[in-house]
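Q: no FASTA, just this:
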Ligand SMILES: Cc1cc2nc3c(=O)[nH]c(=O)nc-3n(C[C@H](O)[C@H](O)[C@H](O)COP(=O)(O)OP(=O)(O)OC[C@H]3O[C@@H](n4cnc5c(N)ncnc54)[C@H](O)[C@@H]3O)c2cc1C
Ligand code: SF4
Ligand code: F3S
Ligand code: FES
């Protein structure tokens, strides 16, 4: 009390390592991390069409890589990443949409998420069926 | 005070700017009963153990918004968090994250007050309405549209939850956006056009990466993440459509 | 107040995110697991002629372009923000690298697809 | 010392202070306003009000009904001309709140909705779910942000008024964050610091409700009026005292004793109908309900809980869906604090101190006897609550008289001659010295928390729901002792930044004086009226001797001086204050009388 002069000295805490401090943030970082999987797959596709553009020999070489068990394993990992991305994307979705009123009541978050996941499932089935029919 | 025979350790992150260079943890042993809140634990410390501990509180019933703090690293209202849920472990309390610590559990909240001011949180009527004209008509459905966003008690838990605000305090942030949205949605208001530039701005909604934790911790179910993200969509469509839609078409 | 240009990137991020959430997994499954391993789909599917035919059709071409471009824009946007999140504020530099690579990828995809004819 | 020159200084930024600030700003944008509050405005205790605000709107209601409910509810200790003004302006203020954005609950057709409330004959309580005070306070605060003439001093604690030339000319504050003093010069001052419920132990009030403004005015010679009337709210949480709003009963809740019996019918509030009707049973006035609790306790018909005896507030028959819609905050409160699901289990409740009817003496223009000093809100005694306030009259009061205070203070400021800044600054410096002294020279052994606890205990003993002469005397003696011991208070915290220990000490000083005013007023009122009920031979109302206001005047360290002032009666003569079936009959008789009076050329209703 005695000394004059300003006594306030607000302390600013560092944000260093914030994402490690709370399970919620760890999960956030993990789902943000799925971007690496998406990027990887986009690159694989990019390489694929580049090889395709370079002709049959280049394509067959690339096909050998694709059919290599190791590469298939990598795709399994990618698949897990994509599935996680799908899951989290639709989990966040209710937070991003304006309220949807149906039959006088607000559609719940769980319903929105479930609808999103169902849409993903249906879209996937359609794509798979198209792929299968193209293949035959 | 009704002291049971159980005791619990409360660890408080203390900071006294006139003597500490950085915050330090201090432990207190507090007798407690099952109905005691963390706030009551702190009051016990203040009354019986250490009169120099500073924290904000008033209503004790989760409505004044004063007592937000990090409790075991989660932003919570101390009056609405119970010691029984931590016993027999130590409870760690710290000032709300992402704000400068004024002292002990007290944060500097000037930044939020400025933000609140900047969103024009009041009805901007299309034309002035005389009292003799009576109330505006507003159906329960029209009221429901914004009611949730009007429940914000300015407790700032959402700011302490939002890493994007922590990383960049220019971000308008979840709580203020919820209130901005509340006024935009009110059928008595015509001020949306005046508020949207802030939404569109570099300080605006695009700082949000949809972490969503703000809504998770909000004690009043305001869902500020929703307000922020709805406005992202709105802002983006305005960004692309502003040249095609005639001015003023947004309301 | 300066208006943010984020909507451009955010819209691309959102579109890519939605697309990858809807059909990303099944594409990975088809092109990376089912067909190459020949277990769920015939390996034949990936033969040069098949793939070429697919990519030469305007619909196939468009599909591949959209997938590659949007997936890239989606992921670089997230990566850029994550760099910021973990405290790497390379600012304009990081921005250029992230969005620059998405742009490069997009152009490369367009080039390759056009070359396929 | 920093300084600020305002035209009008407002101490307190709760409902009343904010409404006053807006009124000043609207009456003349050139007037500079200093709005001082020891907490951020939206933390003010108005935020906690749940139930609603009164204002006549229904076609079968009338101002006369509202007037009569208020005056009878106040046991005829109301200033009837002020009540007249009040009831005539409530609805208008509620519409004003609506224009400012208050999210009032609505009827399906879009018009505002009203609900029944204790002691009110007809539904006239405007509400915003069960967060009325919250919504009103935030609406007022947010609305106030658009007036550039309002300069806020948030988290500035007022330590004294500046009085010079027999008129108030400013205030001195401590900036809580910095510990620095500010000298605020003003031509008029409005006190709007809220109630003083925290002088009691179990109460519904926030930590900030410590009677500061009452003490500030009182120390400068302004009498406090009717301080013995302290309202106990019948339905509070045992232990903490947190409130379960009257709206619980308005929506149809029952009060049950340990036998599951609606005991209120034994206390002249019956008959018990399946849904409580206005002014009967559960919707009787608060004083009667709290008193009934006391009697049940005497008869051993209450339920023993961990925090003493309780009765049950039964909402089960309303069903979860209805409760979640109409009383969401109450639902949460019960679940979180008591672990009780009100749709399944009755809520244990007991009375707790809720409201201070008395306060700073002001006239119908909110002007105190000290020139330039105005008061509004719970800290004031403008004369509408008498011996017992009716639920939902207070929130309306904040608006109606907040506005009056603002307009009158603005008028006064414009007419007032400029003060002598130098003299005032000297005074402010002396105040700073005194306040700093409290910390620096506090080496005594008295602990703040101990004194506070002893004060609350003795207030509860002597000034509870029922009072006895000897007990009140003991309370008076105890308070005198505590005031002496306060001189030796020890402020542990010697720092400047956010030193709450220091503020608690200053508040305790205020509280002790306000408590003393209450106890001394109570001791001297030898009758029972409204919230002041005696058991020692003065069990009846005594209009012959006590149809008058108590006035206590500060006299330094000595016991304050008690005197009495007249009650303004315009057209409602004191009658029996009856509720339930007896009340219905009394109303009918009164209507007949009024009609007769009208026929003979008397005042018509
Ligand atoms: C739980 C509860 C429920 C209620 N429900 C209802 C209801 O349903 N209907 C109804 O009509 N009434 C209700 N009431 C009563 C009503 O809410 C209050 O009487 C009213 O809100 C008081 O408002 P105010 O503006 O006078 O004071 P407050 O809102 O208490 O504001 C006081 C202001 O003064 C400031 N202040 C105090 N001391 C100082 C100081 N020393 N220096 C600087 N600033 C200071 C504070 O910071 C604050 O800003 C309720 C009360 C409680 C406690
Ligand atoms: S949005 Fe919720 S968490 Fe954020 S300030 Fe408002 S009430 Fe608090
Ligand atoms: S936590 Fe922050 S990043 Fe967005 S969704 Fe909430 S504002
Ligand atoms: S004390 Fe008011 S919110 Fe906790």
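A: Perfect, I can see it now. Keep in mind it's a predicted model, so treat the numbers as computed, not measured. Ligands and ions are numbered 1, 2, ... in the order given.
Q: roughly how far apart are the residue lying closest to residue D:211 once chain neighbours are set aside and residue D:50?
A: Closest residue to residue D:211 apart from its sequence neighbours, by CB to CB, 6 or more residues apart in numbering or on different chains: residue D:196 at 2.9 Å. Any C-beta I mention is one placed from the backbone N, CA and C, and that applies to glycine too. Residue D:196 sits 20 Å away from residue D:50, going by CB to CB, to the nearest Å.
Q: more neighbours, the two?
A: Neighbours per residue, other CB atoms under 10 Å in any protein chain shown: of residue D:196 and residue D:50, the larger number sits with residue D:196, 33 against 26.
Q: which residues does the residue nearest to residue D:211 contact?
A: D:209-211, D:214, D:356, D:379, D:511, D:514-515, D:518 (CB atoms under 8 Å, 6 or more residues apart in numbering or on different chains).
Q: how close does it get to ligand 1?
A: As judged by CB to the nearest ligand atom, to the nearest Å, residue D:196 and ligand 1 stand 10 Å apart.
Q: before we move on, what about residue D:176?
A: Counting by CB to the nearest ligand atom, the gap from residue D:176 to ligand 1 is 10 Å.
Q: what about that residue, distance to residue D:24?
A: Applying CB to CB to residue D:176 and residue D:24 gives a distance of 24 Å.
Q: swap in residue D:185?
A: Distance, residue D:185 to residue D:24, using CB to CB: 16 Å.
Q: What count of nearby residues applies to residue 113?
A: Going with chain A. Residue A:113: 17 surrounding residues under other CB under 10 Å.
Q: wrong one, I was asking about chain D
A: 18.
Q: Let me know the helix or strand that the nearest residue to residue D:574 once chain neighbours are set aside is in.
A: Among residues not flanking residue D:574 along the chain, residue D:76 sits closest, at 4.1 Å (CB to CB, 6+ apart). Using DSSP states H and E, residue D:76 is not contained in any helix or strand.
Q: What distance do you get for the residue in chain C that chain A sits nearest to to residue A:33?
A: Nearest to chain A, among the residues of chain C, is residue C:32, at 2.9 Å (CB to the nearest CB). Distance from residue C:32 to residue A:33, counting by CB to CB: 19 Å.
Q: In contact with the residue in chain A that ligand 4 sits nearest to, which residues?
A: Closest residue of chain A to ligand 4, CB to the nearest ligand atom: residue A:22 (21.8 Å). Residue A:22 is in contact with B:73-74, B:213, counting by CB under 8 Å, 6+ apart.
Q: Could you identify which of these has the most neighbours?
A: residue B:213 (22 neighbours).
Q: follow-up on the earlier one: between residue C:32 and residue A:33, which is the more surrounded one?
A: Using other CB under 10 Å as the criterion, residue C:32 and residue A:33 rank with residue C:32 on top: 23 against 15.
Q: which SS class is the closest residue to residue D:262 other than its chain neighbours?
A: Using CB to CB, 6+ apart and skipping residues adjacent in sequence, the residue nearest residue D:262 is residue D:272, 4.8 Å away. Assigned by DSSP: H, G, I helix; E, B strand; the rest coil, the conformation of residue D:272 is coil.
Q: Count the residues that sit near residue D:272.
A: Residues lying near residue D:272 (other CB under 10 Å) number 17.
Q: got a list of what it touches?
A: Taking CB under 8 Å, 6+ apart as the criterion, residue D:272 is in contact with D:262, D:264-265, D:281.
Q: wouldn't the residue nearest to residue D:574 be in contact with residue D:571 here?
A: No. Counting by CB atoms under 8 Å, residue D:76 does not reach residue D:571; the two are 11.7 Å apart.
Q: which of the two has more neighbours?
A: Taking other CB under 10 Å, residue D:76 and residue D:571 do not tie; residue D:76 has more neighbours (22 against 17).
Q: Show the model's pLDDT score for the more buried one.
A: pLDDT, residue D:76: 97.
Q: The nearest residue to residue D:201 once chain neighbours are set aside: which element?
A: Spatial nearest neighbour of residue D:201, chain neighbours left out: residue D:456 (3.9 Å); criterion: CB to CB, 6+ apart. Using DSSP H and E, residue D:456 maps to helix D:448-462.
Q: now swap in residue D:289 and tell me
A: Here residue D:289 is covered by helix D:286-298, with elements defined by DSSP H and E.
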